[in-house]
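[1] With the input below, show me the fold.
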Amino acid sequence: MNRLKDVTDTCFKIDENDLKVEFQTLSPNFIKRGTFSDDRIHEIKKQVLDIEELIRNNDNEVAKLNSEIEKLTNHADGIDYMIAVTSGILAGVIDSVFVGEFSTNNGNWKKARAFSNKSVNKIVMSAAKKAGYKGKRLDGAIKFLEDHYKLASDNVSANKYSHHLDDFAHHPTPIGLLCSILMQFTETSFFAFQDGTVCMEALPCAITKDGTLIGKDFITKIIFGTFNWAMHLISDMSGSNKTAGHGMGIPGPFLSMLKEMSALPIFRDSALPKAINDAFVKAHFDLRGEIAATMMQSVPVLINEAMVRGLYLVYHLYLEFKEKKELANVEWSKVLPWGNRTIVRMLTIATATFTVIDLADAGIRSFIKAKGINPAFFTHFILQVNFVGIGRLAIACYTD
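    This is a model prediction of the structure:
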């Protein structure tokens, strides 16, 4: 301590905000005498620079975190919420008036169905040609695919209703694929009928011995259960070769999933199985119908999305310009309608509003047409509800 006093020139004390610091300066003579070597001085300077660099890095990290917090914070005000709700209501009205229930008597639906039929027919022709078909007729393409890519459950005796709907192996869903693969290994087909009955029936010997239907080893079973399954579904998309382009095709993913749900014990004794069957058989709501429905139902959903994002852009550009006074000073990250929590929350509210209106409208219209709660009510409801809107709501909720 005495030695330090001998070599110090000045003693400093700082007392501020409960922080007390005392430090002293070393005399140049002390350094010259070699008490502090040049290496030691360089080491101290390096440590000071390292500390300063660490502080700068921490400041940058804090700035980044603050920016992320800003983006992930919902800053919506009353007008933002009003925009979201109003947009959802308007989109719901558009869906009710211009989209409505899937029907072959509706002019707009006829046009959408004609387009989907044409698109599906092109898919079937393209798949057949890639598989080796040389003809130009759709019925020939369907027969070619049917002959080369058979499905073991296609002619099972238990298939007494609409086998494209009742046979799970004919569903273009993960459950359909699973049932197709299981059928290869268990030699059992899986069905669910319109009366709620669920059936697992062993394949006849004639089928199990047919080398083109059931694989002989693990690899061929997987190939038959996946690739052949997919190609067979394509052959059924446009109906059979006798009713090419017009006959009943396979159910779409939505109706297939509803059919699979109806096989659960909680739904078997309800009106759901028959409602699904009526939608498929009587209303011809197959895959082509679902494609047409998706086209039609996407319109109000897209309008809802565009209205929310567009009005957000206008309103928040106005707020920024009002605050910053000049367009050059506008923070566009606060204006652009994506990449922030506010627009995500607005879209959740808008899509939820749209879906509530759509479900209420579908329920009321179905009740009136069916004259009460009965199997016909559920059939109309399935054909009326906007499944694209429900899907968009699920995405919005997940994102939010």
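[2] chain center to stretch 150-158: distance?
    33 Å (CA atoms, centre = their mean, to the nearest Å).
[3] Name the residues of that stretch that are buried.
    150-154, 156, 158 (16 or more other CB atoms under 10 Å). From N, CA and C alone the C-beta is placed, and that goes for glycine too.
[4] repeat for stretch 239-250
    239-241, 244-245, 247-250.
[5] and of the residues you listed, the nearest to D50?
    Proximity of those to D50 (CB to CB) peaks at I250, which lies at 67.9 Å.
[6] pLDDT score for that closest one?
    I250 carries a pLDDT value of 93.
[7] any chance you could map the helices in the stretch 201-350 of the chain?
    Taking DSSP state H, counting those that start in this stretch as the test, the helices found in the stretch 201-350 of the chain are 205-208, 218-223, 229-236, 253-262, 265-268, 272-281, 287-324, 341-370.
[8] Same list (those helices) but as a markdown table, adding mean pLDDT.
    Shown next, in a markdown table, are those (pLDDT from 0 to 100):
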| stretch | mean pLDDT |
| --- | --- |
| helix 205-208 | 78 |
| helix 218-223 | 93 |
| helix 229-236 | 94 |
| helix 253-262 | 93 |
| helix 265-268 | 89 |
| helix 272-281 | 90 |
| helix 287-324 | 90 |
| helix 341-370 | 92 |
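[9] low pLDDT regions in the stretch 101-250 of the chain?
    Scanning the stretch 101-250 of the chain for pLDDT under 70 picks out the ranges 104-105, 157-160.
[10] now the strands for it?
    Secondary structure of the stretch 101-250 of the chain (DSSP state E, counting those that start in this stretch): strands at 188-192, 198-202.
[11] Switch these over to JSON lines; also include mean neighbour count and distance to D77.
    Output for the strands of the stretch 101-250 of the chain, formatted as JSON lines (neighbours: other CB atoms under 10 Å; distance: least, CB to CB, whole Å):
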{"stretch": "strand 188-192", "mean neighbour count": "23", "distance to D77": "50"}
{"stretch": "strand 198-202", "mean neighbour count": "14", "distance to D77": "53"}
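[12] and stretch 380-388, how far from the chain's centre?
    Worked out by CA atoms, centre = their mean, stretch 380-388 lies 18 Å from the chain centre.
[13] how long is it from one end to the other?
    Across its full length, stretch 380-388 reaches 17 Å end to end, with CA to CA, to the nearest Å as the criterion.
[14] for it, which positions count as buried?
    380-388.
[15] Now L383. Nearest residue, chain neighbours left out?
    Of all residues not flanking L383 in the chain, F102 sits nearest, at 4.3 Å (CB to CB, 6 or more residues apart in numbering).
[16] So that neighbour versus L359, what's the distance?
    Distance of F102 to L359, given as CB to CB, to the nearest Å: 16 Å.
[17] Would you check that A362 makes contact with F377?
    No. Using CB atoms under 8 Å, A362 is not in contact with F377; the gap is 10.2 Å.
[18] follow-up on the earlier one: and I343, which of the strands of the stretch 101-250 of the chain is closest to it?
    strand 188-192 (42.3 Å).
[19] what angle sits between the closest one and strand 198-202?
    Inter-element angle recorded for strand 188-192 and strand 198-202: 160 degrees (by axes from the mean of the first three to the mean of the last three CA atoms, to 10 degrees).
[20] Who are the packing partners of strand 188-192?
    Under the contact definition 3 or more CB pairs under 8 Å, 6 or more residues apart in numbering; DSSP states H and E, strand 188-192 sits against helix 174-186, strand 198-202, helix 253-262.
[21] Make TSV out of those and add distance to E326.
    Output for the helices and strands packed on strand 188-192, formatted as TSV (distance: least, CB to CB, whole Å):
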stretch	distance to E326
helix 174-186	55
strand 198-202	69
helix 253-262	51
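[22] of the ones you listed, which approaches K369 most closely?
    Within these, the stretch nearest K369 is helix 253-262; the backing value is 19.3 Å (CB to CB).
[23] Could you list the residues in contact with the closest one?
    Counting contacts by CB atoms under 8 Å, 6 or more residues apart in numbering, the residues outside helix 253-262 that touch it are 165-166, 168, 171-173, 175-176, 192, 196, 251, 267-268, 270, 272-273, 276, 279-280, 285-286, 290, 382, 387.
[24] how much space is there between L287 and C397?
    Counting by CB to CB, the gap from L287 to C397 is 27 Å.
[25] Compare neighbour counts for the two and give me the winner.
    Just comparing L287 and C397: by other CB atoms under 10 Å the higher neighbour count belongs to L287, 23 against 12.
[26] so who does that one touch?
    120, 172, 237, 249-252.
[27] neighbour-wise, which of these leads?
    P251 leads the contacts of L287 on contacts (other CB under 10 Å) with 28 neighbours.
[28] Contacts only, for that one.
    With CB under 8 Å, 6+ apart, P251 has these contacts: 164-165, 170-172, 259, 280, 285-287, 290.
[29] And for A128?
    With CB under 8 Å, 6+ apart, A128 has these contacts: 140-142, 144-145, 235.
[30] Just give me the neighbour total for the residue lying closest to it once chain neighbours are set aside.
    Spatial nearest neighbour of A128, chain neighbours left out: A141 (3.6 Å); criterion: CB to CB, 6+ apart. By the measure other CB under 10 Å, the count of residues near A141 is 25.
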